[in-house]
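Undergrad: Pasting a predicted model and its sequence here:
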Amino acid sequence: MKYHKIDSSLFIKNRKNFASAMNANSIAVFNSNDIYPISADSTMPFEQHRDIFFLSGVDQEESVLFLFPDCPNEAYREVLFVRETNDHIAVWEGEKLTKEAAFETSGIKTVLWLQNLEKVLFEMSTYANTFYINTNEHYRANVETETREDRFTKWLLAKYPAHSVAKSNPILQRLRSVKDKIELDLIQHACNITEKGFRRILPFIKPGVWEYEIEAELLHEFVRNRSKGFAYTPIIASGNNANVLHYIENNKECKAGDLILFDIAAEYSNYKSDLSRTVPVSGKFTDRQKAVYNAVHYVKKEATKLLVPGTLWKEYHVEVGNIMTSELLKLGLLDKADVQNEDKNWPAYKKYFMHGTSHHMGLDTHDYGLLHKPMEANMVFTVEPGIYIPDEGFGIRLEDDVVVKEKGEPFNLMGNIPIDAEEIEDLMQG
């Protein structure tokens, strides 16, 4: 891995917290992701399943974690199975985890080769009443592919039909949404890499530059700072492309007078950052562009103040909608009749700001979090209002990542990334 070693105390703590939420005499099972095929002998780059990473730090395929806090055999209270490595694998695929390295990474004392899994599981199962299985219940999940976790669960329940079944996901949604200090430092590091990329491209942008050239500059800066690259598929949307919310083609020429909306960010050690900025191709905003820009910036600042312990996600978005409505009235994009006659299920402001303002962020860009539960300190949220005006040929979105604090306003992990319109202009023209 490109990233520096993470202190295993994080994963030890995460396992302890998960185990404390389990029912008595239960085994929880977690699998690595597959390496997914493309065609012929081609594969996609490996991406570890975030849950087994959260609980072990293991960033390798064909790994399995068992947690059984009540196991009479103390050696089997935490068991990590990894693929047995050898000289042949080392030559063809590179170094894989040894048992010693797996222990150093995870803090798990019992590390076994994967071929021993069925035998060990049988012994463990005789002591247990329940299996915790790990299903994906994220509110945005829409998965058609059968995962390695799915296949293992199917095999497990067929092999041990007399055991009860419980769900790991609600526990993980709660635990993963509140970040440890080590996690906050890793997210901050990802944000700092993103800052380097953004500062790099500002003087590079000018009329005639292509969106993909900007993407290449960003990727270069991210990778040279130990990131795997983009935290998600980058959006570099000039002109009216900005009004397509998930525009990812990045294949148009940037024209004089246009704006470029960026939704780009780096990952680091599987932790994400998530940034949006909008800048003028020619280095200076028009008066109208700046007015809309400053309105979005104002909404972002006001929305950020609302992210405090006890806030409910649904009510928060209603309040941000009210702030946005006021700004759209000032800009002349809405009038009083639009607001008075609006459909409460799709308020008038949604014509120009149709997406949500904030989501949890961490190991996933749209991270785990129980949206019906009040916000807590050390949760990380994006704040990303936008105004999109196809009739005027531009859209503006601004986004930072913030940490909810016990008291006061959130801490902005991206406070060092330029955002004021005048500062953007100065950096682009300087």
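TA: Nice, thanks for sending it over. None of these values were measured; they are calculated from a predicted model.
Undergrad: for this structure, what are the low-confidence residue spans?
TA: The chain contains residues with pLDDT under 70 at 87-92, 94.
Undergrad: Pick out the residue nearest the middle of the chain.
TA: The centroid of the chain falls nearest to residue 365 when counting by C-alpha atoms, centre = their mean (1.6 Å).
Undergrad: Specify the local secondary structure of the residue of the chain most remote from its centre.
TA: Distance from the C-alpha centroid of the chain peaks at residue 337, with 39.1 Å (C-alpha atoms, centre = their mean). Assigned by DSSP: H, G, I helix; E, B strand; the rest coil, the conformation of residue 337 is helix.
Undergrad: Report how many residues lie close to the closest residue to residue 347 other than its chain neighbours.
TA: Excluding its sequence neighbours, the residue lying closest to residue 347 (C-beta to C-beta, 6 or more residues apart in numbering) is residue 321, at 5.6 Å. To be clear about C-beta, it is placed using only N, CA and C from the backbone, and glycine gets the same treatment. Residues lying near residue 321 (other C-beta atoms under 10 Å) number 18.
Undergrad: Residue 321 is in contact with residue 349, isn't it?
TA: Yes. Here residue 321 reaches residue 349: they are 5.5 Å apart, a contact under C-beta atoms under 8 Å.
Undergrad: Please write out the alpha-carbon positions of the helix or strand hosting residue 152 in CSV.
TA: Take DSSP states H and E as the rule and residue 152 turns out to sit in helix 148-159. Written as CSV, here are the backbone C-alpha positions of helix 148-159 (Å, rounded to 0.1, in the frame of the first residue of the first chain):
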residue,chain,number,x,y,z
ARG,A,148,-17.9,-12.5,-1.8
GLU,A,149,-19.7,-11.6,1.5
ASP,A,150,-23.0,-12.6,-0.2
ARG,A,151,-21.6,-16.0,-1.3
PHE,A,152,-20.1,-16.7,2.1
THR,A,153,-23.4,-15.9,3.8
LYS,A,154,-25.3,-18.2,1.5
TRP,A,155,-22.8,-21.0,2.2
LEU,A,156,-22.8,-20.4,5.9
LEU,A,157,-26.6,-20.4,6.4
ALA,A,158,-26.9,-23.6,4.3
LYS,A,159,-24.1,-25.3,6.3
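Undergrad: Just checking the distance from the lengthiest helix in the chain to the centre of its chain.
TA: As assigned by DSSP state H, the longest helix anywhere in the chain is helix 181-201. Centroid separation between helix 181-201 and its chain, computed with C-alpha atoms, centre = their mean, to the nearest Å, is 13 Å.
Undergrad: Which elements pack onto whatever helix or strand comes next after that helix?
TA: Counting by DSSP H and E, the next helix or strand C-terminal to helix 181-201 is helix 211-223. Counting contacts by 3 or more C-beta pairs under 8 Å, 6 or more residues apart in numbering; DSSP states H and E, helix 211-223 is packed against helix 181-201, strand 235-238, strand 259-263.
Undergrad: got those as TSV, with mean neighbour count columns?
TA: Formatted as TSV, the helices and strands packed on helix 211-223 follow (neighbours: other C-beta atoms under 10 Å):
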stretch	mean neighbour count
helix 181-201	20
strand 235-238	26
strand 259-263	25
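Undergrad: Make CSV out of the ones you listed and add distance to residue 311.
TA: Below are the helices and strands packed on helix 211-223 laid out as CSV (distance: least, C-beta to C-beta, whole Å):
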stretch, distance to residue 311
helix 181-201, 19
strand 235-238, 28
strand 259-263, 24
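Undergrad: circling back to that earlier point, gap between the residue nearest to the centre of the chain and residue 50?
TA: 11 Å (C-beta to C-beta, to the nearest Å).
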